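Enquirer: Got a sequence here, can you model it:
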Amino acid sequence: RETSFELEATKALTGENAPENAEFTFVLAKDGVELQRKTVTKDQTAKFDPITVYAAGEYKYTITEVNGGVPGMAYDAVAHEAVVTVTEDSTTGAISAEVKYDGENALTITNTYTTTSYKPYVEKNLTGDTTLYKADETFNFVMTRKDAPEGAEAFEDVTASCKAYDTAWFEEITYTVPGT
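Expert: Below is the predicted model:
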């Protein structure tokens, strides 16, 4: 007598501008000992290799996610419990398995990707002899990135313009890695 079952976990990802090619790794363990490791991308299901058992009883496993170190990604740090209940048919003697993940029929592990945005601006005021400027004169400003943390996306110089006593708004900047 034997029966086999496959444990699995589906990856979900929320948040704007999440990296399309990010990979997520799951570890299947029993009693703290790693049995298998599977890697998927978002919206995919990690299917662990089949496990065969030979007796009725309750078998407990954990499925955890490895922190992949993607900046801005909040990884799931929970050790999710997979309980496999193997029962024996009293008539035929055959055994079969039923799987529950944290008490549910399926396991979806959701990560959240977060970025920070800022829309820089400059306010143009005139002091001193303001007659030196035309009333409709436009003032142009250039913003240049001096340096950035490793892994940050570079951007070209950006410009913004405004009249006197007005505000020049630059394009919004999205920061995807910690730093200054």
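
Enquirer: which residue sits closest to residue 110 in space, ignoring its chain neighbours?
Expert: For residue 110, ignoring the flanking residues on the chain, the nearest one in space by CB to CB, 6 or more residues apart in numbering is residue 12 at 4.3 Å. Glycine gets a C-beta too; all of them are placed from N, C-alpha and C.

Enquirer: Residue 22 contacts residue 69, correct?
Expert: No - checked against CB atoms under 8 Å, the pair residue 22 and residue 69 is beyond contact range at 10.4 Å.

Enquirer: Which of the two has more residues huddled nearby?
Expert: Relative neighbour count places residue 22 above the other of residue 22 and residue 69, with 15 against 7, counting by other CB atoms under 10 Å.

Enquirer: Relative to its centre, which residue of the chain is most distant?
Expert: Distance from the centre of the chain peaks at residue 131, with 55.3 Å (CA atoms, centre = their mean).

Enquirer: Would you agree that residue falls within a strand?
Expert: No - per DSSP: H, G, I helix; E, B strand; the rest coil, residue 131 lies outside any strand segment and is helix.

Enquirer: Quick one: residues contacting it.
Expert: By CB atoms under 8 Å, 6 or more residues apart in numbering, the contact set of residue 131 is empty.

Enquirer: Tally up the residues packed near the residue nearest to residue 110, please.
Expert: Neighbours of residue 12 under the rule other CB under 10 Å: 14.

Enquirer: where's it, which helix or strand?
Expert: Secondary structure from DSSP states H and E places residue 12 in strand 8-14.

Enquirer: In that strand, which residues are buried?
Expert: Of the residues in strand 8-14, those scored as buried under the neighbour-count criterion (16 or more other CB atoms under 10 Å) are 8-11, 13.

Enquirer: packing partners for the lowest-mean-pLDDT helix or strand in the chain?
Expert: Between all helices and strands in the chain, the lowest mean by mean pLDDT, DSSP states H and E belongs to strand 173-175, at a mean of 76. Identification of packing neighbours for strand 173-175 by 3 or more CB pairs under 8 Å, 6 or more residues apart in numbering; DSSP states H and E yields strand 116-118.

Enquirer: neighbouring contacts of the strand it packs on?
Expert: 172-175.

Enquirer: Which is the succeeding secondary structure element to it?
Expert: strand 121-124.

Enquirer: list the buried ones in that following strand?
Expert: By 16+ other CB under 10 Å, the buried positions in strand 121-124 come out as residue 124.
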